[in-house]
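S.K.: I'd like to go over a predicted model; first the sequence, then the structure.
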Amino acid sequence: MKRILIPFLSIACLVLIWNGYSQHADSKTDLFQHKHSSVGDNSAVANIVKELAHHQELHQIALETKQTPYGIHLTYKDIETEQVEQEIKETVLFNATYLFVLVDNVDRITFTFPDYTFTVTRDKLNGWYNTQLSTIEQEQAVTKLIQRHLKSETKINQFFAD
């Protein structure tokens, strides 16, 4: 009985692990398939936002498309973490960066959390990074840019001090 049970359990475990891995790999969306989207394309904006930081706390998306400058307003529920303010600031910068890279005509993004509201403009974020975000064509370049700038808490706080 043991001779049959051990190989059977080993094969079952391998199948479960492989199945879980392949489902996880397939669920990762290529954000750059939404490159050159517009604020008016609500499904593209929603698909981008659902892949960004703290998407599980996202409560509402509002698109401001009636007149220029065009905007996106994201409302979040509470974020559970020890350093809430710093986590929110990093989330704002991370998510705004991706949205400005991928959505061509968005000029401002407002992030509302229960105790904080931040509005980020394309011009200010371009200046902070010292680069035109709309010219970035690869996710790896965005990741490097974000990692380089978000590693300094002082630099993050300087962005929000203005």
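M.R.: Sure, I can see it.

S.K.: touching, residue 99 and residue 109? I think so.
M.R.: Yes. Counting by C-beta atoms under 8 Å, residue 109 is a contact partner of residue 99 at 5.7 Å. Placement of C-beta: from N, CA and C, glycine included.

S.K.: give me the pLDDT value at the residue nearest the centre of the chain.
M.R.: Geometric centre of the chain, nearest residue: residue 52, 2.2 Å, by C-alpha atoms, centre = their mean. Note on residue 52: pLDDT of 96.

S.K.: kindly report the same for residue 80.
M.R.: So residue 80 comes in at 89 (pLDDT).

S.K.: quickly note the distance from it to residue 46.
M.R.: According to C-beta to C-beta, to the nearest Å, residue 80 stands 23 Å off from residue 46.

S.K.: between those two, who's got more neighbours?
M.R.: Shown here are residue 80 and residue 46; by other C-beta atoms under 10 Å, residue 46 has more neighbours (12 against 8).

S.K.: so which helix or strand takes in the more buried one?
M.R.: helix 42-49 (DSSP states H and E).

S.K.: which elements pack onto the following helix or strand past that helix?
M.R.: Once the chain leaves helix 42-49, the next helix or strand it forms, by DSSP H and E, is strand 58-64. Packing contacts for strand 58-64, counted by 3 or more C-beta pairs under 8 Å, 6 or more residues apart in numbering; DSSP states H and E, involve helix 42-49, strand 71-76.

S.K.: what do you get if the cut-off is 6 Å, keeping everything else the same?
M.R.: With contacts taken as 3 or more C-beta pairs under 6 Å, 6 or more residues apart in numbering; DSSP states H and E, strand 58-64 sits against strand 71-76.

S.K.: the strand it packs on vs strand 58-64, what angle?
M.R.: 170 degrees (axes from the mean of the first three to the mean of the last three C-alpha atoms, to 10 degrees).

S.K.: how far does strand 71-76 sit from its chain's centre?
M.R.: Averaging C-alpha coordinates over strand 71-76 and over its chain gives two centres that are 13 Å apart (C-alpha atoms, centre = their mean, to the nearest Å).

S.K.: export it as PDB, just CAs?
M.R.: Extracted in PDB, the C-alpha atoms of strand 71-76 (Å, rounded to 0.1, in the frame of the first residue of the first chain):
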ATOM      1  CA  GLY A  71      -8.000  63.600 -15.200                       C
ATOM      2  CA  ILE A  72      -8.500  60.400 -13.300                       C
ATOM      3  CA  HIS A  73      -9.800  60.300  -9.700                       C
ATOM      4  CA  LEU A  74      -9.100  57.100  -7.800                       C
ATOM      5  CA  THR A  75     -10.700  56.600  -4.400                       C
ATOM      6  CA  TYR A  76      -9.300  54.000  -2.000                       C
END
